[in-house]
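**Q** The amino acid sequence is not available; the structure is as follows:
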Ligand SMILES: Nc1ncnc2c1ncn2[C@@H]1O[C@H](COP(=O)(O)OP(=O)(O)OP(=O)(O)O)[C@@H](O)[C@H]1O
C-alpha cells in the first residue's frame, strides 16, 4: 500500500531546543496510526510541525508525492492535511454554524451535519454553550470541511466522559470507513486500540516502537514498559 504521509528524520523544537530528535513515521493511505507516549514526549510538537505551525530544523514531511517540510500551515492545509487540535479551540462567542462557516468557505455544511446530527440540532448555539463532546465534534467538523486526505487528531478524548468518548469514536470510525487517513495522538488506550491499525510510541522525541494494534494490545508487559501503564 502506498503511504499518504512520510516523515523522515524530523527535527524540531522551540528557540533552539530540540524536542523532535529525528522522527520517522509513515501513515498508509486510509490508515490510522496511533501516536502514544508519556506527557512531554513530543506528540503535540510533532503534530504542530507536520501541520506547518512550527517550522522544523530539518527533515522531510511528504504528503503523497509533495514535500511540505517548512511550508506554512495554510499551504499544508491546502495540500490536504487538517488538524483537530488539543483543547478543541472552538470560537466561544460564535455559533456552531458560524464556526463551521469560517472553515467551509463556500462548501456546504450538509455532510458535517449528516455525520454529526447533534451539531445540526445545536447549530444556533454558541461555542461556549456546548458540552465538551459537542465542542469536540465541532472541531472535527471544522477539520473535515477542508476535505483532508490526512487528519491530525490531538487527544480527541481529552476531558470527555467515557460515554461521550464513545460517541466521538463512532464519528471517527465513520471517517476511517470513508478512507480518511489519520495520526491519532491519544492517552486513552481503548480509543487508540479501537481506531488505529498501527501503534507507534514516542519517547524523548523519537519513535521507539511500532507494531500492528492487535500485536501491541496482546503484549501487556511490553505496553506497560513502553507507556508505564497496564
Ligand atoms: N510552545 C512551547 N515552547 C517551549 N517549549 C514547549 C512548547 N510546547 C511544548 N514545549 C516543550 O516541548 C516538550 C514536548 O511537549 P509536547 O507538548 O510536544 O509533548 P506531548 O507528548 O504532546 O505531551 P502532552 O501529552 O503533555 O501534550 C516538553 O518539554 C514541553 O515543555
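**A** Looks like it arrived, so ask away. All values derive from a computational prediction rather than experimental measurement.

**Q** so who does the residue most central in space within the chain touch?
**A** With distances taken as Cα atoms, centre = their mean, residue 153 lies nearest the centre of the chain, 1.5 Å away. Contacts here follow Cβ atoms under 8 Å, 6 or more residues apart in numbering; on that basis residue 153 touches 84, 172, 182, 183, 184, 185, 186. Using the backbone N, CA and C atoms, a C-beta is placed for each residue, glycine as well.

**Q** Chain neighbours aside, what residue packs nearest to residue 55?
**A** Spatial nearest neighbour of residue 55, excluding adjacent residues (Cβ to Cβ, 6 or more residues apart in numbering): residue 70 at 5.9 Å.

**Q** which residues touch the one you found?
**A** 52, 55, 56.

**Q** can you list the residues of the protein near the ligand?
**A** 14, 19, 37, 39, 40, 41, 42, 43, 44, 45 (Cβ under 6 Å from any ligand atom).

**Q** could you redo the last one with a cut-off of 8 Å?
**A** 13-15, 17, 19, 37-48, 86, 154-155, 185, 187, 202, 205 (Cβ under 8 Å from any ligand atom).

**Q** Find the residue ranges of this protein scoring beneath the pLDDT cut-off.
**A** Along the chain, segments meeting pLDDT under 70 span 1, 229-230.

**Q** Could I get the full set of strands for it?
**A** 3-12, 20-28, 32-36, 58-63, 66-67, 81-84, 150-154, 181-185, 198-203, 206-212 (DSSP state E).

**Q** From the contact counts, what lies against the fifth one?
**A** Counting contacts by 3 or more Cβ pairs under 8 Å, 6 or more residues apart in numbering; DSSP states H and E, there are no secondary-structure elements packed against strand 66-67.

**Q** what comes into contact with that strand?
**A** For strand 66-67, contacts defined as Cβ under 8 Å, 6+ apart pick out 60, 61, 79.

**Q** hmm, try it at 10 Å
**A** Strand 66-67 has contacts (Cβ atoms under 10 Å, 6 or more residues apart in numbering) with 6, 60, 61, 75, 76, 79, 80.

**Q** quick one, helices of this structure?
**A** For the chain, applying DSSP state H gives helices covering 43-51, 73-79, 96-104, 110-115, 117-121, 132-144, 162-177, 189-195, 213-218, 220-227.

**Q** Would you reformat these as TSV and include mean neighbour count?
**A** What follows is these, written out as TSV (neighbours: other Cβ atoms under 10 Å):
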stretch	mean neighbour count
helix 43-51	23
helix 73-79	15
helix 96-104	19
helix 110-115	16
helix 117-121	15
helix 132-144	24
helix 162-177	16
helix 189-195	19
helix 213-218	16
helix 220-227	14
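
**Q** just so I know, which of those lies nearest residue 31?
**A** helix 162-177 (8.8 Å; Cβ to Cβ).

**Q** residue contacts, residue 53?
**A** So residue 53 contacts 44, 45, 47, 72, 73, 76, 83, 85 (Cβ under 10 Å, 6+ apart).
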